[in-house]
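Engineer: the sequence and its predicted three-dimensional model are supplied below.
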Amino acid sequence: MSWILKALDLHKAYGSKDILNGAELEIDERDRIAVIGRNGCGKSTLLRVLLGQEELDGGKVIIRDGARIAWLRQDERFEAGESALAYLERATEQPDWACAQLAADFHVLNDTLEKPAESLSGGWQTRLRLCAMLLREPDLLVLDEPTNYLDLRTLMLLERFLAGFRGGWVIVSHDRGFLERTCPQTIEVAGGRINRFPGRVPAWLTAKAERRAAAAATNANLAAKSRQLEDFVARNKARASTATRASSKAKELEKLQDQFLDIEADDPDPRIRIPACETRRGWALQCDQLAVGYGTRTVATCDHVDLDRGFRCAVLGDNGQGKTTVLRTLAGQLAPLGGTFRWAMGLRVALYAQDVYTAFKADMVADDHLFRCAREAPGQNPPRQEVLDLAGALLFGPDDLKKRVGVLSGGERARLCLGGLLLGKFDVLLLDEPTNHLDVETVEALADALVAFPGTVLFTSHDRAFTDKVATRQIEVGNGSFSLFPGNYAEYCAQLEAESDGQAPPPPKEKPKTQTIAKPPDKSKQRLAERLEKRVAELTAEKARLEAALGQNYDAEQGKRLAALLPELEQAEAQWLEAAG
């Protein structure tokens with residue numbers, strides 16, 4: 001195999017913090033590499049450096065002549081009015097038949113390809129961008145946290161495509177299961193260096209732990225021998241008859257010090273403890289003929305859903321099917337469009353939303369928010385150290401806690417918001433993609449904390465390992481309805497896999513016994529719907545660009561625009577859905 005890319009003596013620092021310090025890497029044309037490391041260690045910085053999107057302080061990146069490197073770009077724009085197929089042809093310079101052929105692998109079929117790309121939901125737009133990346137026939141794929149953007153079905157389709165892809169790839173992801181399934185090689189970014197291992201992530205972690213244990217055992221033996229020699233020298237150096245032997249042992253002791261092995265200390269494993277809430281038996285949530293949506297347009301309905309206290313329920317479904325709408329309705333942020341839902345008497349309900357961090361005031365100090373949330377919780381407040389421990393588990397060090405929110409990145413704001421919610425002693429936690437912006441270790445710590453939490457949890461997540469560990473029930477949202485899924489999460493994933501393989505297509509819906517003859521369409525209303533649809537697409541694209549930028553580096557003006565954009569988008573969606581109804 002020949003190499004595609006070489007990174008030599010890379011140096012990159014932010015302020016006084018060295019992110020890359022002499023790091024080196026060579027990637028061959030068939031390498032399939034998982035990139036792991038703690039938050040802030042430099043994983044995403046490394047990818048941006050390799051792609052030439054960020055300048056180095058020192059060192060260089062060499063790309064083989066003619067090599068094609070592609071990455072999943074969330075900021076790639078669609079031109080006004082162009083169809084999905086036209087976008088693929090323009091972005092890739094491939095013929096329409098080749099675009100349609102690959103798009104079919106991701107279940108983007110003719111009816112979708114004919115629609116304006118701007119009008120598609122975020123999930124379908126991501127599928128289009130993924131197709132465009134692959135249609136460029138790259139030699140190397142670069143994916144930075146793809147599970148933050150892809151729903152479970154699309155992620156399964158991506159895994160299937162990668163299994164037949166002839167080139168190489170480099171993937172950063174907090175979804176350890178995705179890395180295990182797709183990457184037979186591992187690199188760890190730590191201490192400014194790159195450590196490479198010719199095996200999957202679990203094997204690397206096992207080998208690393210074994211090396212650390214072996215080094216610790218060697219050092220323990222050397223320390224014991226050192227103490228014996230020190231004791232001998234101390235007892236015998238003053239006696240003339242043994243002074244010569246004591247001198248010899250002293251030299252042996254001096255040489256022994258050079259044999260101790262360096263053991264690089266890892267950051268301590270995060271441990272999250274959610275303050276306990278009151279526990280009772282009985283039902284927590286009852287939904288009857290509930291309809292959720294915006295304006296007068298219904299997104300999803302249910303006949304009847306009962307959820308008992310203490311259950312941890314995953315809300316499952318493709319992007320754009322209404323998972324977030326269900327959570328926002330149950331949190332009281334959106335009014336039901338029909339039917340009813342109710343929480344049991346006395347339950348305190350909190351929502352963690354993907355965009356909630358935009359509500360922070362820029363001059364607020366980070367630890368002030370956490371301690372205020374702890375103070376406002378009912379009952380006895382958690383000790384100060386417990387608050388600091390939770391902050392540390394969510395990757396906030398002492399210096400970070402003294403920062404004003406205005407200088408925090410979008411990811412840091414999201415984690416700060418999550419920490420405040422966990423400290424609030426709520427009986428019900430509604431969590432919309434809580435694992436975004438967390439590293440693997442913190443995701444696992446959050447999963448352990450939710451499993452130990454005695455309250456009720458409803459959550460969405462694209463992380464299969466997290467969902468499988470936390471969920472005890474499942475609500476499936478899709479095709480305009482939501483209901484309790486009869487099986488467990490593994491059975492749900494198996495069902496999606498079968499559907500993707502064409503083995504078990506969903507049964508066709510029964511035709512209605514009566515049909516209503518539709519009135520001729522109102523063309524003025526249709527034109528209004530088209531204008532509103534275009535506006536919704538523009539605002540959605542702007543929201544995605546702002547969130548991507550804020551996730552890397554917070555800017556006050558961008559934050560204000562995002563905060564103002566959200567209600568504007570919600571209103572435009574409601575108007576569009578009403579006009580299109």
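Structural biologist: Yep, it's here.
Engineer: how about the helices of the stretch 201-350 of the chain, start to end?
Structural biologist: Counting by DSSP state H, counting those that start in this stretch, one finds helices in the stretch 201-350 of the chain at the ranges 201-236, 243-257, 323-330.
Engineer: low-confidence stretches in the stretch 301-450 of the chain?
Structural biologist: Residue ranges of the stretch 301-450 of the chain with pLDDT under 70: 354-359.
Engineer: give me the pLDDT value at residue 38.
Structural biologist: Per-residue pLDDT puts residue 38 at 80.
Engineer: ok, it touching residue 397?
Structural biologist: No. Contact criterion C-beta atoms under 8 Å: residue 38 and residue 397 do not qualify, at 12.0 Å. No exception for glycine: its C-beta is placed from N, CA and C like everyone else's.
Engineer: quickly run through the sheet partners of the one helix or strand residue 23 maps to, with directions.
Structural biologist: Using DSSP states H and E, residue 23 falls within strand 17-28. Sheet pairing of strand 17-28 (DSSP bridges) gives strand 3-14 (antiparallel).
Engineer: pop the domain breakdown of the protein in here.
Structural biologist: 3-203, 283-501, 523-580 (automatic domain parsing).
Engineer: any idea how far the first one is from the chain center?
Structural biologist: Chain-centre distance of domain 3-203: 15 Å, with C-alpha atoms, centre = their mean, to the nearest Å.
Engineer: just the terminal-to-terminal distance for it.
Structural biologist: 25 Å (C-alpha to C-alpha, to the nearest Å).
Engineer: touching whichever helix or strand comes after the strand holding residue 23 from outside, list them.
Structural biologist: Per DSSP H and E, strand 17-28 leads on to strand 32-36 as the next helix or strand towards the C-terminus. Applying C-beta atoms under 8 Å, 6 or more residues apart in numbering, the external contacts of strand 32-36 come out as 27, 43, 46-47, 162, 168-173, 179, 182-189, 200-201, 204, 440.
Engineer: tell me which of the helices of the stretch 201-350 of the chain is the most buried.
Structural biologist: Comparing those by mean neighbour count (mean count of other C-beta atoms under 10 Å), helix 323-330 comes out on top with a mean of 23.
Engineer: which other helices and strands does that one contact?
Structural biologist: In this structure, helix 323-330 makes packing contacts with strand 283-294, strand 297-301, strand 312-316, strand 349-352, strand 428-432, strand 456-460, strand 473-478, judged by 3 or more C-beta pairs under 8 Å, 6 or more residues apart in numbering; DSSP states H and E.
Engineer: what would those look like in CSV with mean neighbour count and distance to residue 34?
Structural biologist: Converted to CSV, these look like this (neighbours: other C-beta atoms under 10 Å; distance: least, C-beta to C-beta, whole Å):
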stretch, mean neighbour count, distance to residue 34
strand 283-294, 19, 38
strand 297-301, 20, 36
strand 312-316, 23, 25
strand 349-352, 19, 28
strand 428-432, 24, 26
strand 456-460, 24, 24
strand 473-478, 20, 28
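Engineer: now the ones you listed in a markdown table, with distance to residue 575?
Structural biologist: Converted to a markdown table, those look like this (distance: least, C-beta to C-beta, whole Å):
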| stretch | distance to residue 575 |
| --- | --- |
| strand 283-294 | 9 |
| strand 297-301 | 10 |
| strand 312-316 | 26 |
| strand 349-352 | 24 |
| strand 428-432 | 24 |
| strand 456-460 | 26 |
| strand 473-478 | 23 |
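Engineer: which one of those lies nearest to residue 68?
Structural biologist: Nearest to residue 68, of all these, is strand 456-460, at 35.0 Å by C-beta to C-beta.
Engineer: in the next helix-or-strand element following the closest one, what counts as buried?
Structural biologist: Sequence-wise, the next helix or strand downstream of strand 456-460 (DSSP H and E) is helix 464-470. Buried residues in helix 464-470, counting neighbours by 16 or more other C-beta atoms under 10 Å, are found at 464, 465, 466, 467, 468, 469, 470.
Engineer: ok, back up a step: settle it for me: which of residue 38 and residue 397 has more neighbours?
Structural biologist: residue 38 (18 against 10; other C-beta atoms under 10 Å).
Engineer: confirm that the more buried one lies within a strand, as I assumed.
Structural biologist: No. Counting by DSSP: H, G, I helix; E, B strand; the rest coil, residue 38 falls outside a strand, being coil.
Engineer: quick one: contacts for it?
Structural biologist: 190, 267, 395, 439, 441.
Engineer: can I assume the third one is in contact with residue 272?
Structural biologist: No. Shown here, residue 395 and residue 272 do not form a contact pair, counting by C-beta under 8 Å, at 11.2 Å.
Engineer: how about JSON lines for the helices of the stretch 201-350 of the chain, with distance to residue 385 added?
Structural biologist: Below are these laid out as JSON lines (distance: least, C-beta to C-beta, whole Å):
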{"stretch": "helix 201-236", "distance to residue 385": "28"}
{"stretch": "helix 243-257", "distance to residue 385": "37"}
{"stretch": "helix 323-330", "distance to residue 385": "32"}
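Engineer: among those, which is nearest residue 377?
Structural biologist: helix 323-330 (20.9 Å).
Engineer: I'd like the domains of the chain laid out as JSON lines, including distance to residue 229.
Structural biologist: Below are the domains of the chain laid out as JSON lines (distance: least, C-beta to C-beta, whole Å):
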{"stretch": "domain 3-203", "distance to residue 229": "32"}
{"stretch": "domain 283-501", "distance to residue 229": "40"}
{"stretch": "domain 523-580", "distance to residue 229": "54"}
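Engineer: select, out of the ones you listed, the one closest to residue 209.
Structural biologist: Closest to residue 209 of the domains of the chain, according to C-beta to C-beta: domain 3-203, at 10.7 Å.
Engineer: quick check: residue 247 touching residue 236?
Structural biologist: No. Counting by C-beta under 8 Å, residue 247 stays clear of residue 236, with 9.3 Å between them.
Engineer: now the common contact residues for these two.
Structural biologist: With C-beta under 8 Å, 6+ apart, residue 247 and residue 236 have no common neighbours.
Engineer: are we agreed that residue 112 is in a helix?
Structural biologist: Yes. Counting by three-state DSSP, residue 112 is part of a helix.
Engineer: so what's it up against?
Structural biologist: 84, 120, 124.
Engineer: export those to CSV and tack on pLDDT, distance to residue 77 and neighbour count?
Structural biologist: Putting these into CSV (pLDDT from 0 to 100; distance: C-beta to C-beta, whole Å; neighbours: other C-beta atoms under 10 Å) gives the following:
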residue, pLDDT, distance to residue 77, neighbour count
84, 93, 14, 28
120, 84, 13, 21
124, 82, 16, 22
